[in-house]
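Visitor: take a look and give me a structure for this.
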Amino acid sequence: MSITKVSYSMIEGRMVTPEDFGAVGDGVTDDTVAIQAAIDHFTIANQINGGIIYLPNNYVISNTLTFLNSSIDFYGQGFGAQQGGANTFIKWMGTDPNAPMIRIQSSRAVKIRNLRLIGNTTNKPQAGINFFVDNPGSPTDISQNSFHRVENVWIGGYDGNDQPTPAGTASDVNVGKQFTFGILYNGDNTGNNYDIFTNVRISRCNNGIGLATNQFGQNEFHGLWVNFCDYGFTTSAPAIGYDWFFDNNTVADILIGLDGRLQIYEFASEASYQLAAMTTGGRLTIYGGGFSTYPAPIFSGTVIDASGGNNCVVTLNDFEVYRNGYVGAPTFNFSSANDFSTKVFNGKNVRGVFPENLNINTSSGNFQKNIVDLQLVNANQLTGVVITSATGDFSCNATTLVIGQPVQISGTFGGTGSIAGYVNSSNYYITATNGSTTFTLSTAPNGVPLTTTAGTPTGLFYSYTGVFQIYNTLGPKVGVVESVSTARYDIPTNLNLQQGLFYSFNTLAATATPSVANFIMCNTSGTTAITNFTNGTTGQVIIVLATASITITNGASIQLAGAANFAMTNLDVLTLVQISSNLWREVSRSVN
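Guide: Numbers count the residues shown, from 1 in each chain. Predicted coordinates for the structure are as follows:
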């Protein structure tokens with residue numbers, strides 16, 4: 001017959017420890033029964049009841065610790081390496097793949113604090129912490145599962161912070177996953193609402209955090225660090241995050257499904273395969289932060305893939321793709337073969353992204369509305385760059401350059417020549433230029449020239465400040481004839497050129513059919529009447545400024561107001577949008 005030692009704290013109903021109920025706490029002995037007894041000590045049938053359980057040692061469990069109808073504060077000494085002194089860990093030795101280590105069910109305001117959960121690569125538990133809601137009216141369902149707190153908790157495998165590595169865990173360091181989910185929300189009913197997570201680290205799980213479709217509460221995650229998982233954060237429910245850092249996740253940092261709505265304030269990611277994958281109905285908003293494409297070859301070439309379903313919305317504000325050497329790759333893929341899909345990609349002050357990175361192909365689906373409403377800063381590339389002196393002088397292929405213009409150089413330095421102090425990536429400023437093909441760089445707007453060695457570098461990308469046009473691209477399925485006015489939207493939702501930024505004016509060739517590839521602001525040249533603007537893209541907007549008298553001809557390629565030619569004079573302005581291949585339509589004009 002087992003005898004439980006009765007302590008003064010147990011009699012008074014105050015704080016208890018698992019040791020009060022027979023736990024050994026040596027990190028080797030199975031203490032499941034004792035810890036569950038401590039939890040049940042505060043459990044009252046059919047009503048919420050509180051209590052405090054302090055875990056002063058390290059423990060092993062073989063079955064789920066269940067908090068039912070609870071409001072218990074369950075806390076240890078802090079998380080850390082297994083060999084550390086001031087820490088508490090609970091280690092899994094169970095064999096049921098459907099069992100979580102901790103399940104919080106039909107409870108209010110449970111706190112899990114200051115401890116480490118260690119799984120098992122051979123017999124993974126379902127989750128480190130599982131928030132579960134039962135069917136309404138069932139014997140165990142007395143309230144929704146709400147207002148919980150998880151603070152200073154580390155869920156997952158050993159890594160470089162565990163020294164020395166414990167025997168028998170070498171696979172953890174390499175590829176082993178210890179949990180199916182670090183944190184899992186699921187159940188038979190809605191109601192996991194308004195939980196707050198603070199300073200939580202999750203590593204070496206198949207899924208760091210998973211929120212099921214029917215959990216509609218607004219849960220908050222502060223100070224979240226997720227790494228070495230397949231997916232870092234998967235959700236089909238609303239969630240909000242603050243100050244996240246994800247790294248080395250092998251499929252994607254974020255997966256958003258139907259009804260998933262995720263807002264993150266300050267998010268940094270590096271060395272992951274992909275930032276986000278979107279499926280039907282997902283919405284992602286990020287305010288501040290960035291995604292680093294290095295180190296290769298982990299990065300897939302796609303930062304956000306929204307091609308997986310209908311009606312996705314992505315909003316990025318003050319966001320940067322660091323060291324984006326994948327010019328021309330579908331860094332943002334909104335291509336879709338689905339009928340009636342709506343894809344929206346918008347944002348302001350998006351840096352390190354180039355027009356070539358956007359893949360928004362709508363030709364394989366019927367009646368799509370795909371809208372890009374973006375302000376891309378540093379969206380132009382200098383090409384043919386050569387270092388021409390020892391004092392920061394460069395030459396490049398003809399473009400428009402302005403004194404004070406920022407230039408960002410990224411990539412791995414190769415070829416010949418050098419830039420003193422260069423690291424990948426570095427920001428510089430133009431301090432002198434001939435306006436098109438030569439320029440001098442400094443580390444400050446009015447600073448001294450760089451120290452350089454003449455030569456022709458390779459492996460570098462030179463982006464300079466400008467704002468790429470905000471446009472949408474909307475196309476019918478191949479072989480399907482659609483009415484421009486009814487089957488899709490063809491006018492951009494917004495053209496927002498903010499003050500305080502540099503805009504590149506491109507000069508049109510003095511021909512009847514000048515190219516406008518990647519142009520927004522265009523100066524005319526010569527007096528030859530223009531009958532078409534070539535090399536444009538559907539949805540592209542151009543603003544044409546006349547520098548002398550010139551005629552824009554109404555016809556098969558240009559549709560002007562009143563179906564009449566526009567005889568422009570000096571400083572007149574005409575705005576056009578390309579509504580389909582080789583067809584431009586007037587948006588507005590200004591006569592000066």
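
Visitor: contacts, neighbours, all on C-alpha from now
Guide: Fine.

Visitor: quick one: buried residues of stretch 286-304?
Guide: Buried residues in stretch 286-304, counted by 16 or more other Cα atoms under 10 Å: 286-294, 298-304.

Visitor: do the same with stretch 445-457
Guide: Those would be 449-457, for stretch 445-457 by 16+ other Cα under 10 Å.

Visitor: gap between the two ends of it?
Guide: 23 Å (Cα to Cα, to the nearest Å).

Visitor: got it, and stretch 548-556?
Guide: 24 Å.

Visitor: ok, and what's touching that stretch?
Guide: 524-532, 560, 563-571, 583 (Cα atoms under 8 Å, 6 or more residues apart in numbering).

Visitor: now do stretch 411-431
Guide: Contact partners of stretch 411-431, identified using Cα under 8 Å, 6+ apart, comprise 322-323, 325, 387, 392, 402-410, 439-447, 449-461.

Visitor: hey, where'd the helices end up in the protein?
Guide: Counting by DSSP state H, the chain has helices at residues 8-12, 32-41, 170-174.

Visitor: dump the longest one to PDB, restricted to CA.
Guide: So that's helix 32-41. This file holds the C-alpha atoms of helix 32-41, laid out as PDB (Å, rounded to 0.1, in the frame of the first residue of the first chain):
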ATOM      1  CA  THR A  32       3.500  11.000 -13.700                       C
ATOM      2  CA  VAL A  33       1.200   9.800 -10.900                       C
ATOM      3  CA  ALA A  34       2.600  12.100  -8.300                       C
ATOM      4  CA  ILE A  35       2.400  15.300 -10.500                       C
ATOM      5  CA  GLN A  36      -1.100  14.400 -11.600                       C
ATOM      6  CA  ALA A  37      -2.000  13.900  -8.000                       C
ATOM      7  CA  ALA A  38      -0.800  17.400  -7.200                       C
ATOM      8  CA  ILE A  39      -2.900  18.800 -10.000                       C
ATOM      9  CA  ASP A  40      -6.000  16.800  -8.900                       C
ATOM     10  CA  HIS A  41      -5.500  18.000  -5.400                       C
END
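
Visitor: mind checking how far it is from the chain centre?
Guide: Here helix 32-41 is found 41 Å from its chain centre; the criterion is Cα atoms, centre = their mean, to the nearest Å.

Visitor: just the strands from the stretch 51-200 of the chain, written as ranges.
Guide: Along the stretch 51-200 of the chain, counting by DSSP state E, counting those that start in this stretch, strands occupy 58-61, 65-68, 70-75, 89-92, 102-105, 111-118, 127-133, 149-156, 179-187, 196-203.

Visitor: so what strands line up beside the longest one?
Guide: Within its sheet, and counting by DSSP bridges, strand 179-187 is paired with strand 127-133 (parallel), strand 205-211 (parallel).

Visitor: tabulate those strands (CSV), appending mean pLDDT.
Guide: Converted to CSV, the strands paired with strand 179-187 look like this (pLDDT from 0 to 100):
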stretch, mean pLDDT
strand 127-133, 92
strand 205-211, 93
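
Visitor: one step back: could the strands of the stretch 51-200 of the chain be laid out in JSON lines, adding distance to F267 and mean neighbour count?
Guide: Below are those laid out as JSON lines (distance: least, Cα to Cα, whole Å; neighbours: other Cα atoms under 10 Å):
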{"stretch": "strand 58-61", "distance to F267": "33", "mean neighbour count": "23"}
{"stretch": "strand 65-68", "distance to F267": "32", "mean neighbour count": "22"}
{"stretch": "strand 70-75", "distance to F267": "28", "mean neighbour count": "23"}
{"stretch": "strand 89-92", "distance to F267": "28", "mean neighbour count": "25"}
{"stretch": "strand 102-105", "distance to F267": "28", "mean neighbour count": "23"}
{"stretch": "strand 111-118", "distance to F267": "24", "mean neighbour count": "24"}
{"stretch": "strand 127-133", "distance to F267": "24", "mean neighbour count": "27"}
{"stretch": "strand 149-156", "distance to F267": "19", "mean neighbour count": "23"}
{"stretch": "strand 179-187", "distance to F267": "19", "mean neighbour count": "26"}
{"stretch": "strand 196-203", "distance to F267": "14", "mean neighbour count": "22"}
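
Visitor: go through those and name the closest to I543.
Guide: strand 196-203 (48.9 Å; Cα to Cα).

Visitor: what's that closest one packed up against?
Guide: strand 149-156, strand 219-227 (3 or more Cα pairs under 8 Å, 6 or more residues apart in numbering; DSSP states H and E).

Visitor: and the longest one, what does it pack against?
Guide: It stands for strand 219-227. Using 3+ Cα pairs under 8 Å, 6+ apart, strand 219-227 sits against strand 196-203, strand 238-247.

Visitor: now do the first one: distance to the chain's middle.
Guide: Relative to the chain's own centre, strand 196-203 is displaced by 18 Å; criterion: Cα atoms, centre = their mean.

Visitor: pairing partners for it, with directions?
Guide: In the sheet, strand 196-203 lines up with strand 149-156 (parallel), strand 219-227 (parallel) (DSSP bridges).
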